[in-house]
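**Q** Fold the following for me, if possible:
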Amino acid sequence: MKKHFEKMSISQRLVWLYTLAAAAVLILLFLAFEYVERKEIDMYQRAEITSRFAIMEHIIEDKASRADWKDFKEQIQEFTPPSGGTIIRADSDDPFFRIDAPFDLDLSQTDRHHGFSRTKINGRNYRILSKVIAAKGERPEILLSLAWDTYIPEDDIRIIFLTTGLILLTGIISMGTLGRLIARNSLKPIERLSQAAEKINSRNLSLRLPDKDMPSELKSLAAGFNGVLERLEISHQRQDAFNSDVAHELRTPVGNMIGATEVALSRERSKEELEDVLQSNLEELERLSTIIKDMLFLSRADQGETATNLSRISLAEEVRRTADFLDVVFEDCQAKLEIEGDAETAADRSLLSRAITNLLNNAVVHGTPGQTIKVIINRRADGGSSLTVCNRGEDLSPEQCRNLFNRFYRVSRERKNSENHHGLGLAIVKAIILMHGGEVQAECRNGLIRIGFSLPSAPDGEKQT
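**A** Next up is the predicted model:
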């Protein structure tokens, strides 16, 4: 039964629950009505038989002689109609003062119910009231019993209960029908949501669930689901763009290797020529390996990976350490480094070093040769820190500046060293900073390019390194 109920639709469940609840309430009301009605009828029967008995008791108390009793027995027909609706019985030790009746007395039942008892005569139900009348004159003590036919009231009760039962059954069926209509009407908004959800697939993630003219409970559900759809759409668009960019970036080195290999195999080559081809292919493979590693790193960042191996780091010290590592790059471009300010932050040293390396390398390689690259470090009022790399370079438009952190984005293919860099450097910077809960910024104005990041305050418990 439970498994069958679990397989039902919500509307079917509601109909059954409505019907069962209505049936339970109506049945309880019916039982309460029956109880009250039976009590009322019982009180009526007691009052009726008590009043009849009082009349007979008053008459018999005046019959003190045998002659009076004889006259009473001859007149008994006046008090007992031929229909048998009322029957009188008198029991006494003296047979002369007895009146026979077609029923026997159960004295134990009479005692338990204060003189009242029940019996059946010729298949009809009678209620009996028995009472002892004290002796008087020649008349000894008499046990007087009066039986009253309750057929008519009990027949009325059966009719009333049968009618009420039919009304009850009709009410239950009506409640089930109304419950079905109410359930179907109440679940129409859910049906609308279901129909709208069926239309959503990977080709039209821009569709949304309707949230207008919806109940408040479903409106919040639709809004939450639409939020999920929006994030899914953004993620899907990002994945499509990423896959397209990856395919484009991998196509170039793969095409280079295929072309070089085909040329090498077009005729016999000397050992030195083959070594040159292999060396060229190795360079392309190394480039492919770098792209793949960067792609895997960005993929982990997209999945919500956060930096965990945190320690307190001096940003100025980390910039100096990174500049020492890039010393050859600085010398090739005749660039100098100037560091202004310092602040401590909690970060993964290897990740932060990679981000700073990419920022400095980007400033040196794509900046004006011979310039001084300035790194500004500030402690913010909220306890966080910021680092900004400033350099002179090509004047960029606002749109180009906004796209600097996009994957595989290059301002121009004609830019210096554009073929040696695959456009993931600043995207990796953004991913690393987001893994630390920070933000990245880029500002381009009149040839001055300012690219940097902000990190939240360092927890007190992090160790100094």
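**Q** quick one, longest strand in this protein?
**A** In the chain, assigned by DSSP state E, the strand with the most residues is strand 124-133.
**Q** avg pLDDT for that one?
**A** The average pLDDT for strand 124-133 rounds to 86.
**Q** strands paired with it, and their directions?
**A** Using DSSP bridges, strand 124-133 pairs in its sheet with strand 116-121 (antiparallel), strand 142-149 (antiparallel).
**Q** which one of these is the most hemmed in?
**A** Mean neighbour count (mean count of other C-beta atoms under 10 Å) peaks for strand 142-149 among those, with a mean of 22. No exception for glycine: its C-beta is placed from N, CA and C like everyone else's.
**Q** Contacts made by it with the rest, please.
**A** Around strand 142-149, the neighbours that count as contacts under C-beta atoms under 8 Å, 6 or more residues apart in numbering are 45, 48-49, 52-53, 56-57, 60, 83-92, 97, 101, 103, 105, 119, 121, 124-133, 135.
**Q** try 6 Å
**A** Strand 142-149 is contacted from outside by 49, 52-53, 56, 85-92, 97, 124, 126-133, using C-beta atoms under 6 Å, 6 or more residues apart in numbering.
**Q** And those, which of them are buried?
**A** Buried members of those, scored by 16 or more other C-beta atoms under 10 Å, are 49, 52-53, 56, 85-92, 97, 126-131, 133.
**Q** Give me the number of neighbouring residues for residue 229.
**A** 18 (other C-beta atoms under 10 Å).
**Q** check which helix or strand covers it.
**A** Using DSSP states H and E, residue 229 maps to helix 216-265.
**Q** which secondary structure elements does that helix contact?
**A** Judged by 3 or more C-beta pairs under 6 Å, 6 or more residues apart in numbering; DSSP states H and E, helix 216-265 is in contact with helix 271-302.
**Q** picking up where we left off before, list of residues touching the longest strand of the chain?
**A** With C-beta under 6 Å, 6+ apart as the criterion, strand 124-133 contacts 45, 49, 53, 60, 110, 115-119, 142-151.
**Q** before we move on, what about stretch 68-84?
**A** Under C-beta under 6 Å, 6+ apart, the answer for stretch 68-84 is 63, 86, 87, 88, 97.
**Q** show me the contacts for the second one.
**A** Shown in contact with residue 86 (C-beta under 6 Å, 6+ apart): 80, 148.
**Q** Quick check on it: phi, psi?
**A** For residue 86, the backbone dihedrals are phi -130, psi 130 (criterion: degrees, to the nearest 10).
**Q** What of the first one?
**A** Residue 63 adopts backbone torsions of phi -90, psi 90, taken as degrees, to the nearest 10.
**Q** List the residues that contact it.
**A** Counting by C-beta under 6 Å, 6+ apart, residue 63 touches 69, 72.
**Q** Could you export the longest strand of the chain as CSV, CA atoms only?
**A** Output in CSV follows, covering the C-alpha atoms of strand 124-133 (Å, rounded to 0.1, in the frame of the first residue of the first chain):
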residue,chain,number,x,y,z
ARG,A,124,-40.8,-6.8,18.8
ASN,A,125,-38.6,-4.8,21.2
TYR,A,126,-40.0,-3.8,24.5
ARG,A,127,-38.7,-1.7,27.3
ILE,A,128,-39.7,-2.7,30.8
LEU,A,129,-40.0,-0.8,34.1
SER,A,130,-40.4,-2.8,37.2
LYS,A,131,-41.1,-1.7,40.7
VAL,A,132,-42.3,-3.2,44.0
ILE,A,133,-45.6,-1.8,45.3
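**Q** for residue 443, what are its contacts?
**A** So residue 443 contacts residue 450 (C-beta under 6 Å, 6+ apart).
**Q** if I look at residue 169, how far off is residue 16?
**A** 17 Å (C-beta to C-beta, to the nearest Å).
**Q** what ranges do the strands span in this structure?
**A** Ranges of strands in the chain, per DSSP E, are 86-91, 116-121, 124-133, 142-149, 311-314, 336-340, 344-347, 372-379, 385-392, 439-445, 448-455.
**Q** Worst mean pLDDT among those?
**A** When I compare those, strand 116-121 is least confident, with a mean of 83.
**Q** returning to that earlier point: could you redo the strands paired with strand 124-133 as JSON lines and give each row distance to residue 12?
**A** Below are the strands paired with strand 124-133 laid out as JSON lines (distance: least, C-beta to C-beta, whole Å):
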{"stretch": "strand 116-121", "distance to residue 12": "49"}
{"stretch": "strand 142-149", "distance to residue 12": "52"}
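**Q** Which among those strands is found nearest to residue 380?
**A** strand 116-121 (96.0 Å; C-beta to C-beta).
**Q** before we move on, the earlier item: compare residue 169 and residue 16 and say which one has the larger neighbour count.
**A** Neighbours per residue, other C-beta under 10 Å: of residue 169 and residue 16, the larger number sits with residue 16, 16 against 12.
**Q** Of all pairs in the contacts of stretch 68-84, which one is the farthest apart?
**A** 86 and 97 (19.9 Å).
**Q** so what secondary structure elements neighbour the lengthiest helix in the chain?
**A** Ranked by residue count and defined by DSSP state H, the top helix of the chain is helix 10-61. Under the contact definition 3+ C-beta pairs under 6 Å, 6+ apart, helix 10-61 sits against strand 124-133, strand 142-149, helix 151-186.
**Q** I'd like those as a markdown table, with distance to residue 313 appended.
**A** Shown next, in a markdown table, are the helices and strands packed on helix 10-61 (distance: least, C-beta to C-beta, whole Å):
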| stretch | distance to residue 313 |
| --- | --- |
| strand 124-133 | 101 |
| strand 142-149 | 106 |
| helix 151-186 | 59 |
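**Q** To residue 39, which of those lies closest?
**A** helix 151-186 (11.7 Å).
**Q** Flag every buried residue along stretch 246-255.
**A** For stretch 246-255, by 16+ other C-beta under 10 Å, it's 246, 249, 250, 253.
**Q** Identify the residues contacting that stretch?
**A** So stretch 246-255 is contacted by 284, 287, 288, 291, 408, 422 (C-beta under 6 Å, 6+ apart).
**Q** can you rerun that using 7 Å?
**A** For stretch 246-255, contacts defined as C-beta atoms under 7 Å, 6 or more residues apart in numbering pick out 284, 287, 288, 291, 295, 408, 422.
**Q** Can I get that stretch in CSV? Just the C-alpha atoms.
**A** C-alpha atoms of stretch 246-255 as CSV (Å, rounded to 0.1, in the frame of the first residue of the first chain):
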residue,chain,number,x,y,z
VAL,A,246,41.7,25.6,-27.1
ALA,A,247,41.1,24.0,-30.4
HIS,A,248,42.4,27.1,-32.2
GLU,A,249,45.5,27.3,-30.0
LEU,A,250,46.3,23.6,-30.3
ARG,A,251,45.7,23.6,-34.0
THR,A,252,48.7,25.9,-34.7
PRO,A,253,51.5,23.9,-33.0
VAL,A,254,50.0,20.6,-34.2
GLY,A,255,49.8,22.0,-37.8
